[in-house]
Every structure is written in C-alpha cells, then in structure tokens.
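Novice: I need the structure of the sequence given here:
(chains A and B)
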Amino acid sequence: MACLHDHSCEDHDCSSDWSLYKHIDLSKISALNEATPGSVKSVFKAWEHRLNSSGEHLESNEGDPELLVFIPFTSDVKIKSISIVGGPDGTSPSKMRAFINRDGIDFSDAQSMQAIQEWDLAENMQGVLEYQTRYSKFQSVGNITLHFPDNFGGDITKIHYIGLKGEATQLKRDVVATIVYELMPNPSDHKTRAESGGGLSHVG
Amino acid sequence: MVLEATMICVDNSEWMRNGDYSPSRFQAQSDAVSLICGAKTQSNPENTVGVLTMAAKGVRVLATPTSDLGKILACMHGLEIGGQMNLAAGIQVAQLALKHRQNKKQQQRIIVFAGSPVKHEKKMLELIGRKLKKNSVALDIVNFGEEDEGKTEKLEALLAAVNNNDSSHMVHVPPGPNALSDVLISTPIFTGDGEGGSGFAAAAAAASAGGVSGYDFGVDPNLDPELALALRVSMEEERARQEAAAKKAAEDASKQEKGGGQHAISQDATMTENKTNDLDDESALLQQALAMSMDDPEVSHDVRDTDMSEAATDDPELALALQMSVADSAKDSASQTDVSKLLADQSFVSSVLASLPGVDPNDSSVKDLLASMQSQSDKNEEERPNEEEEK
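Specialist: Here you go, the predicted model:
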C-alpha cells in the first residue's frame, strides 16, 4: 500500500487517520442532484479503497455538474482535512464549499449562503491530495454539507471517494427535535416530588 | 408510510365551470383534494399537506403544509373561479412552500390538477421539471378537463424531466360517469408507489361503490372495525388453506397420473374444507358470512376448472360434468348438491375413471378414495339441509 505522502509511512498507518467515515450516520446521508438515489453512500469508505472505482460511485445528473452532499455524524467531530477523489476526463469537481451544522440546505440556499470555507480542487486521481480546513472553525461538527458547484468541463461530475480526517469526540450536539408548547398549564403534568411520593434524598 | 410533505395545486380557472365531470369540474376537483389530504394524513400521521390556487387573482397559497385536515377542508370552501391557470408559477411557488416546511426530514411532493389549457412552452416546463428533480421534489399530475392539443405532450415532457426513479406519476382522467376521486383512488397518487392501498383508500372505495352493499362483508369497517378485520383475516386464511389444498391435490394427482382423479381430489379437498368450516359451531355465523361473500362455488369451481381443463379435452363425459357444474355456479347450494350428487353416483364416477387411460378402477387406492368420497358426500348432504335451516 504505497502512500505517496512525502513522509515515511512506517511511523503511522495512513488509513487510521482517515477513519472519520466510521462516525458518519450512513442512514441519514443524502445528496441532491445524484443520478442514482442512494449512490452517495458508496463514496464513504476506508482509505485503502479510495481508488477502487469498480463499485458504485456518486454521479450527478446529465448535463448538470452540481452536487450537494449532506453528511451527518453520530457524534460531534473535529475535521482536520478533506480528500476528494473525482472521476476522469473532466468529471472531477473543481470547487468545494462547506457548510457546518445546517440542516436541509438545497441548491438555492447553497448558492446564496456564505460557506464556512471554500477550496479550489485539483484533479486528484491518486487520492493523495488533502485540503486542510481552518481547524478552529471545524471544532464541533454535527453535520457537514459539501457543495460542488462546478467541474473540469465534463458533462457530469463523478466522485469516487470523500475522505475526512480528524478526531471524533464522544459528545453529541443537542438537537431539540420537536417542542410542544403548552397553551394552558395542566397541573397533572407537573407533579412535584413531594406529591409523587418520595422526596427524600438518599444520603449515605 | 413515507414521511412526506405535499403541496396540492388547485386549478380554479374559468374552465372549471364546465359540467362534464359531475357536478362540476371544480366540485369534482375539491372532492379529490379532500380525499388526497385524508389519504396522506392517514398513511402517516406526520405527513403534512398544503394547498394553493393557480388562477383567479393569481397564485395564492391557501394553506402551508399542515397536518390539520380541518384547516385544509375549510380553505377549499368559498374559492372563487376565474382567470387563467398559471402552471409554471404555481409549481414554483409550491416548491418554495415545500422548501420552508417545518420538518426537513419529509420528502417533498407536488400534486398538480391540470384542468385547463397549458399556455407555457414545453422548454420552460422542462426547465422547471429539471429544477424539481435536482432538488428531489416529486411531482404528480392529474390531467383532466380540457383536452388541448399539445397539453398532454407538454405535461408528458414535464413529467419526464421531473421523474426520478418512478416517484412521479401522471394520471389522465377522461370525462365520464365515474367521479374524478373514484378514478384517482386506484392510481399511484393514492396508493403511493405500490405500498399497498391504504386502508383509507380501500374503505373509501367501498363506500363509493354504493352504500352497504359495497362493504366486503356486509359490515361497515367504520362501525365495527374489529369484526371487519376478523372477517377479512379469516377469509384470507381460508383462501390460503384452499390454495394449499389445491396445490397438494395437484401434486398428489401428478404422482398418480390421473387427469380425472385430479378433478375428483381437488373437489374432494374443497369439500373437506367446507365441511370442517361447517362443523365449527361458535363461528357459524362467521362462516355463513364467509360463504356468502366468498362466492364459494366460484372458488371451488375455479380450482376444479384449472385442473379439469386438460382432462376434459380428451374425455367428453368429464366435459359434460364440467359444463353442468359451471352452469350452476350462480346458485350456491344448488351447484354443490349437483356436483355432490354426481360424485355420490358411484357408477358414474367409476365409469369416468374406467374410461381414463392409466386408471385401474380395481386399484385399492382408487377404491379407498371412492369410499371416502362417498361418505363425505353423504355428510355434505346432511350439512347442507342444516345450513338451509340456519339461514
């Protein structure tokens, strides 16, 4: 497994660095403008398999190179860098924009909103290029949305691999899913400890 | 059970005054809208539905996606008719309304009622369609009312541009005696991509089929859902048992290589089933209802027919028997007694068997079969008068 970084690989194992994919909540990944629904899940795999283009990959629809990938995590993560392996013949994405902790972004939102960071990508066929993040801004990421607005001239955009490097914390970002507001207070909903029989604290 | 937010685009243009759908196109549309709302809310309680109008004073959102059925029904009241439908703007506003739905986990769907001519260019509609597809919004089109040249073509182009993995549908409803809502109930718009028609749709279909007689078992599912459910479940079990028995009979017959025997055995099987049913005292009424609704003779006849068709072609006597039993299928007990009489006629059966190649009437297994059939047909004769008394 030749690692083409300019350091010797005996010291560490590259694949363990790029293991944030294990913390992705695969069931909730979604992508907009993908040609095959559900194909986005195939781009999150281990480092060793990043060049394995025989299986499924993410493709955009005909004539439209834009892609939007929503990646939720099972716990908060810190992202140090991102690696993208695109397709050949101009189908690699040329730009990437990231949005943090925003739910339900679609294309019009992505185009109008200010991204937290933007990168110009190069064609990364060997999967050795990594794009560093401004680490201070990527400290507690519950979900990340990657927007690829353009490619190198191909009809469609192909992505074979998205790698994330960083650390996973065990914390979960608190999301209040649904809030039910009371119109009128109902005393039976608010029994005090004395009423519910057992206000004694256990000491000793 | 897909979690969905739906926006319904209602056509309230001048063309909706026409009466070719009773009572008027607009009324038929309103009914369909209320049915759709009900179906969506029932299939998943967290689904939301919203309504907007496309004509009159312009595109106007009457209700943003909500799960409150009452609100939607209320806003369909007192809508004014007039102007021309603006399909493109309607779809785009619907998309915007869906974008701002409260629960982002819901899938987005737009249902458009296109009753008047479409004034937009095909290219523009395709562009809109592609934008919907890109944002993974599904689109259902109900094409009714005006049959403009080019309208169907434009709508087909729109559907083709939006369609992603068959999640979008188009339904053509020509004017006719059936109400718009009735035609829609059987379409994927209601049944939602083959998840199986919701109970709501089935009940609605039953209700519209004509009052009490429309209900499957003579029991209103709304009044007594447990009884209706029990009846339905027992009927399905019965069907499954009969199918299993028929299959077993077919296997047995193929082992013994008897074309006619097949007929006798399967008949035997169905009659055994009937007998075991009758013996169950506690659910006697239930079985009656089953028998009435199931059209017993038809079922057993179907079983017999499939098996007998090959035998009948080379045996004129069997063909005659077939004809007799099929001709009487309208009458429940009558046909049963006819066939049982036939079987009870020992000589007839043995002559049939004798004429078949490869069957030896003196064979012990055949004799046993005949004996058991004879006793069973006797018992059946007893049961039949009992049943008549009960009724």
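
Novice: contacts, neighbours, all on C-alpha from now
Specialist: Fine.

Novice: Pull the residues that contact the lowest-mean-pLDDT helix or strand in chain A.
Specialist: Least confident helix or strand, chain A: helix A:14-17 with a mean of 74, by mean pLDDT, DSSP states H and E. Helix A:14-17 is contacted from outside by A:3, A:46-48, A:165-166, using C-alpha atoms under 8 Å, 6 or more residues apart in numbering or on different chains.

Novice: run the last query once more with 7 Å
Specialist: A:46-48, A:165 (C-alpha atoms under 7 Å, 6 or more residues apart in numbering or on different chains).

Novice: Likewise for stretch A:28-48?
Specialist: Outside stretch A:28-48, the residues touching it (C-alpha under 7 Å, 6+ apart) are A:15, A:18-19, A:21, A:26, A:56-61, A:67-72, A:160-163, B:134-136.

Novice: In space, what's closest to the residue in chain B positioned nearest to chain A - neighbours in sequence excluded?
Specialist: Going by C-alpha to the nearest C-alpha, chain A is nearest to residue B:134 of chain B, at 4.5 Å. Among residues not flanking residue B:134 along the chain, residue A:33 sits closest, at 4.5 Å (C-alpha to C-alpha, 6 or more residues apart in numbering or on different chains).

Novice: And that neighbour, how close does it get to residue B:372?
Specialist: Taking C-alpha to C-alpha, to the nearest Å as the measure, residue A:33 falls 68 Å from residue B:372.

Novice: ok, those two, which is more surrounded?
Specialist: residue A:33 (26 against 13; other C-alpha atoms under 10 Å in any protein chain shown).

Novice: and residue 75, what pLDDT?
Specialist: Assuming you mean chain A. On pLDDT, residue A:75 comes in at 89.

Novice: You answered for a different chain; I wanted chain B.
Specialist: With respect to pLDDT, residue B:75 scores 91.

Novice: who touches it in this structure?
Specialist: Residue B:75 sits in contact with residue B:62, where contact means C-alpha under 7 Å, 6+ apart.

Novice: Just read off the phi/psi values of it.
Specialist: phi -80, psi -10 (degrees, to the nearest 10).

Novice: same question, the one 4 residues further on
Specialist: Backbone torsions of residue B:79, given as degrees, to the nearest 10, read phi -80, psi 140.

Novice: Against residue B:110, how distant is the nearest residue to it once chain neighbours are set aside?
Specialist: By the measure of C-alpha to C-alpha, 6+ apart, the closest residue to residue B:79 outside its immediate chain neighbours is residue B:12, 7.7 Å from it. Separation of residue B:12 from residue B:110 (C-alpha to C-alpha): 17 Å.

Novice: ditto for residue B:55
Specialist: 17 Å.

Novice: Sheet-wise, list the partners of the helix or strand just after the least confident helix or strand of chain A with their directions.
Specialist: Remark: after helix A:14-17, the chain's next helix or strand is strand A:30-32, criterion DSSP states H and E. Next to strand A:30-32 in the sheet, as set by DSSP bridges, lie strand A:67-86 (antiparallel).

Novice: Can you show me the strands along the stretch 1-150 of chain B?
Specialist: Using DSSP state E, counting those that start in this stretch, the strands of the stretch 1-150 of chain B run over B:4-10, B:48-53, B:60-66, B:107-114, B:137-143.

Novice: Which residues does the last one contact?
Specialist: Meaning strand B:137-143. Against strand B:137-143 from outside (C-alpha under 7 Å, 6+ apart): B:108-115, B:162, B:167-173, B:189.

Novice: From residue B:106, how far out is the most centrally placed residue in chain A?
Specialist: The geometric centre of chain A, computed from its C-alpha atoms, lies nearest to residue A:71 (C-alpha atoms, centre = their mean), at 3.2 Å. Applying C-alpha to C-alpha, the value for residue A:71 to residue B:106 is 17 Å.

Novice: and residue A:118, what element?
Specialist: Residue A:118 belongs to strand A:117-120, assigned by DSSP H and E.

Novice: Can you list the buried residues in that strand?
Specialist: By neighbour count on 16 or more other C-alpha atoms under 10 Å in any protein chain shown, the buried set for strand A:117-120 is residue A:118.
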